[in-house]
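In: Based on what follows, work out the 3D shape:
(2 chains)
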Number of protein chains: 2
Amino acid sequence: MLIVQKFGGTSVGDLERIQNVANRISKTLNEGNDVVAVVSAMSGETNKLVGYAEHFSKTPMRAEVDMLLSSGERVTASLLSIALNEMGHNALSMSGRAAGIITDDVHTKARIENIDPQYIHAEVKRGRVVVVAGFQGVSESGKITTLGRGGSDLSAVALAGALGAELCEIYTDVDGIYTTDPRIEPHAKKLNEISYDEMLELASLGAKVLQNRSVEMAKKLNVNLVTRSSFSDAEGTLITKEENIMEKPLVSGIALDRNQARISMSGVIDRPGIASDIFSALSEAEVNIDMIIQTSSKEGNTSIDFTVPSNELIDAKDVVKKFIDNDEIKEVSYDEGICKVSIVGVGMKSHTGVAAKAFKTMAVESININMISTSEIKVSMVIDEKYAELAVRSLHAIYELEK
Amino acid sequence: MLIVQKFGGTSVGDLERIQNVANRISKTLNEGNDVVAVVSAMSGETNKLVGYAEHFSKTPMRAEVDMLLSSGERVTASLLSIALNEMGHNALSMSGRAAGIITDDVHTKARIENIDPQYIHAEVKRGRVVVVAGFQGVSESGKITTLGRGGSDLSAVALAGALGAELCEIYTDVDGIYTTDPRIEPHAKKLNEISYDEMLELASLGAKVLQNRSVEMAKKLNVNLVTRSSFSDAEGTLITKEENIMEKPLVSGIALDRNQARISMSGVIDRPGIASDIFSALSEAEVNIDMIIQTSSKEGNTSIDFTVPSNELIDAKDVVKKFIDNDEIKEVSYDEGICKVSIVGVGMKSHTGVAAKAFKTMAVESININMISTSEIKVSMVIDEKYAELAVRSLHAIYELEK
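Out: Sure thing, here's the model as predicted:
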């Protein structure tokens, strides 16, 4: 079968590791598969080049940054190809351009618009291993572009989709997706499989491993994604569509997001459209709102609470200040000492009582729940950050995720 | 006017030097010129990458080596472009491909076949400074190629020709072409101008500065070439066609080539075509013959002496051995302790007595001349290597080159 294997920066961090990657690809080939490899720059290279650019300018032209950064993946691709050839395989490297990866022209964070798989297809048909420089493409006007953070994963997923690959393996330094962060709960278990939607909801667990836009693209292109370690032979976690999941546990994992801040506005003026005005203004300032609670007292005193990512709090404050200056909001308070704990599982769809169990657990541990939001496959609770670990461990235990 | 400025590895060896290069280009622009810059990889980068490749294979695939090495120049090009933009100029970088440099498909030593200057022309017309990654092009099939040693100079000269640039400046760490090697003769003087043909004959003086194939291309494309230092404001040496040379000195310079070995064959069999057979065999073994002397004694005993580059002596010995084994040559001796001293000057064409003066000087210094060869603008003498410096200094003095 045709497998796309993607190796990140740490997996190709030095020459020895590149040789290890070659050995792994060689093994996959010798098992009778075709392989298209996608590689990142050697770890540290991209940061080094960014540092060079910033030596000359605080705001280097993005098209030039793309020209600069795209060289890192090319180096890895050609070295890996040389290693594979030396091992007797028939390998060749391809830049993003040669691989037919067409993007829009938003330099440094381009989006893949189209992939023309004919060049890779032709080489694979001839029995060759193609090593593609990840993270990069070309715009319609022929300029080199890069795909931003996690771009090599995107290259791999998009190629797997365009090539109709049976599998897209993402190799990193961790061996899969866990039921929760093992640093918090040592009994966390590696998941064998998980659906795209669960993975998206568990983002905070997988963010280090896999960015949401890669998962979203895999879902859209129906690519079977596996995250696994390049430093062990342990099987990873398969991320696939729900129909493919054999066992559907009630709860698949517990996610923790510490990167949350709460904004509590009281004495919000009672006029139609005020909430809409506030949230439109926040949206224009590119502040991402997560949860919202609106309450009105009998005296007509409206309160609106909402949460934002911590690093967007400053921008949010600026927006809110304008409404205060206009006397449309009386008081506001901010709380950065919060976190969001989420229970995720496709099994929730068909089972009731999952949320109730979570709330009861929090009550047993005397953890106050500030805000709640739910979706078909998720229950999220905002709590004081000091209870973060306790909450995660209690929930992990109550849903028996260690089993 | 349009000036192509080429900056070698040491000129862009670190970030500070790249900034210096940006300052120099900026100055040229501010004087009202258009500039197309051509850059090498930062010094040490190419060797580092070659070392990486050799870690994996003693004979890495040449196409992959090209993919690998071509990244170095791209990095420099984008950094220089970022620096220029920061200084308020409208700069952009181009890969060899984007610059329209089409080569044959002999990877790692490709030849430029054609340059399509329309992309650069269009940008220059829009008032932009184009920074081209030197040393690289693309083959007709779209593969990245590199031009081998001195390749960035070739890129610059070829671009200057295709763009009809008024001047092609090659910046290195020396400030021009000298009448002879200043390490041998401290009174050596920098030449203001020299003809292409003289430069080609003086190769050994200029080899470190400029490779012959760049000079040959400049001659063919009628490009006015200037070699100068990127570390000083001193004017360099203009290399141009003979008609443009203002003052035509009798002798322009004294070249010394230590890389010579002499092969003396005696008792060469007396049959028609024997000399042709020997030299054809040497040619097939890719041995470059320089001078040849053939003498026949009355007794029909033929001797043939010739010189080859020292590093080709081993191959030459192998060839000669076959003729000895066939009893077609009786005896052979080798001498690596020789060197070739040459007097070069377009003025010789119209003046007699230049050669005689040289021979007389050698006689005065009691230096025995082993072999002599002459061309329209050159007299070369093979002498014992121990007299090399003495010969150079004496000739430099007799032709008054220090003035």
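In: Which SSE is immediately downstream of the lengthiest helix in chain A?
Out: Ranked by residue count, the top helix of chain A under DSSP state H comes out as helix A:62-86. Using DSSP states H and E, the helix or strand that follows helix A:62-86 in sequence is strand A:91-94.
In: Neighbouring strands - and their directions - for that next one?
Out: With DSSP bridges as the test, strand A:91-94 is paired with strand A:129-133 (parallel).
In: got the CA coordinates for the strand it pairs with in PDB?
Out: Extracted in PDB, the C-alpha atoms of strand A:129-133 (Å, rounded to 0.1, in the frame of the first residue of the first chain):
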ATOM      1  CA  VAL A 129      10.600   6.700  -3.100                       C
ATOM      2  CA  VAL A 130       9.800  10.400  -3.200                       C
ATOM      3  CA  VAL A 131      11.100  12.700  -0.400                       C
ATOM      4  CA  VAL A 132       9.100  15.900  -0.400                       C
ATOM      5  CA  ALA A 133      10.300  19.100   1.300                       C
END
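In: got the angle for it vs helix B:62-86?
Out: With axes from the mean of the first three to the mean of the last three CA atoms, to 10 degrees as the basis, strand A:129-133 and helix B:62-86 are set at 10 degrees to each other.
In: average model confidence for strand A:129-133?
Out: For strand A:129-133, mean pLDDT rounds to 98.
In: Same question for stretch A:346-358.
Out: pLDDT averaged over stretch A:346-358 gives 86.
In: Now for the residue of the stretch 101-250 of chain A at minimum distance from chain B, how many residues are close by?
Out: Nearest residue of the stretch 101-250 of chain A to chain B, counting by CB to the nearest CB: A:Gly142, 7.2 Å away. For the C-beta atoms, the positions are set from N, CA and C on the backbone; glycine is no exception. Number of residues near A:Gly142 (other CB atoms under 10 Å in any protein chain shown) recorded here: 11.
In: likewise A:Gly300?
Out: 8.
In: Dihedrals phi and psi, it?
Out: Per-residue torsions, A:Gly300: phi 80, psi 10 (degrees, to the nearest 10).
In: The residue of the stretch 251-400 of chain A found nearest chain B: how many residues sit nearby?
Out: Residue nearest to chain B within the stretch 251-400 of chain A (CB to the nearest CB): A:Glu286, separated by 26.0 Å. Around A:Glu286 sit 8 other residues, with neighbours defined as other CB under 10 Å.
In: same deal with A:Ala255?
Out: Neighbour tally, A:Ala255, other CB under 10 Å: 24.
In: now it, what's its secondary structure?
Out: When classified by DSSP: H, G, I helix; E, B strand; the rest coil, A:Ala255 comes out as strand.
In: what does chain A have sitting close to chain B?
Out: Residues of chain A found near chain B (CB under 8 Å from any CB of the partner chain) are A:15, A:18-19, A:22, A:49, A:52-53, A:55-57, A:60-61, A:63-65, A:67-68, A:70-72, A:74-75, A:77-79, A:81-83, A:85-86, A:92-93, A:95, A:98, A:142, A:144.
In: Quick check on those residues: which are buried?
Out: The neighbour-count test (16 or more other CB atoms under 10 Å in any protein chain shown) marks A:15, A:18-19, A:22, A:49, A:52-53, A:55-57, A:60-61, A:63-65, A:67-68, A:70-72, A:74-75, A:77-79, A:81-83, A:85-86, A:92-93, A:95, A:98, A:144 as buried among those.
In: Give me the nearest residue to A:Val129, chain neighbours excluded.
Out: Spatial nearest neighbour of A:Val129, chain neighbours left out: A:Ala91 (4.3 Å); criterion: CB to CB, 6 or more residues apart in numbering or on different chains.
In: For A:Val223, list the residues it contacts.
Out: The neighbours of A:Val223, taking CB atoms under 8 Å, 6 or more residues apart in numbering or on different chains as the test, are A:157, A:160-161, A:165, A:168, A:217.
In: Apply 7 Å and report the result again.
Out: Counting by CB atoms under 7 Å, 6 or more residues apart in numbering or on different chains, A:Val223 touches A:157, A:160-161, A:168.
In: which two in those are spaced the farthest apart?
Out: The most widely separated members of the contacts of A:Val223, counting by CB to CB, are A:Gly161 and A:Cys168 (8.2 Å).
In: the helices in chain A, which residues?
Out: Under DSSP H, chain A gives helices at A:15-30, A:45-56, A:62-86, A:118-125, A:151-163, A:196-201, A:203-206, A:212-221, A:274-284, A:313-325, A:354-364, A:388-398.
In: Which one of those helices lies nearest to B:Leu200?
Out: helix A:62-86 (35.3 Å).
In: Just give me how far that closest one sits from the chain centre.
Out: 23 Å (CA atoms, centre = their mean, to the nearest Å).
In: and that helix, average pLDDT?
Out: Here the average pLDDT along helix A:62-86 is 97.
In: could you check the angle helix A:151-163 makes with that helix?
Out: 70 degrees.
In: Please verify my assumption that A:Thr103 contacts A:Thr146.
Out: No. Applying CB atoms under 7 Å, one finds A:Thr103 not in contact with A:Thr146, separated by 8.7 Å.
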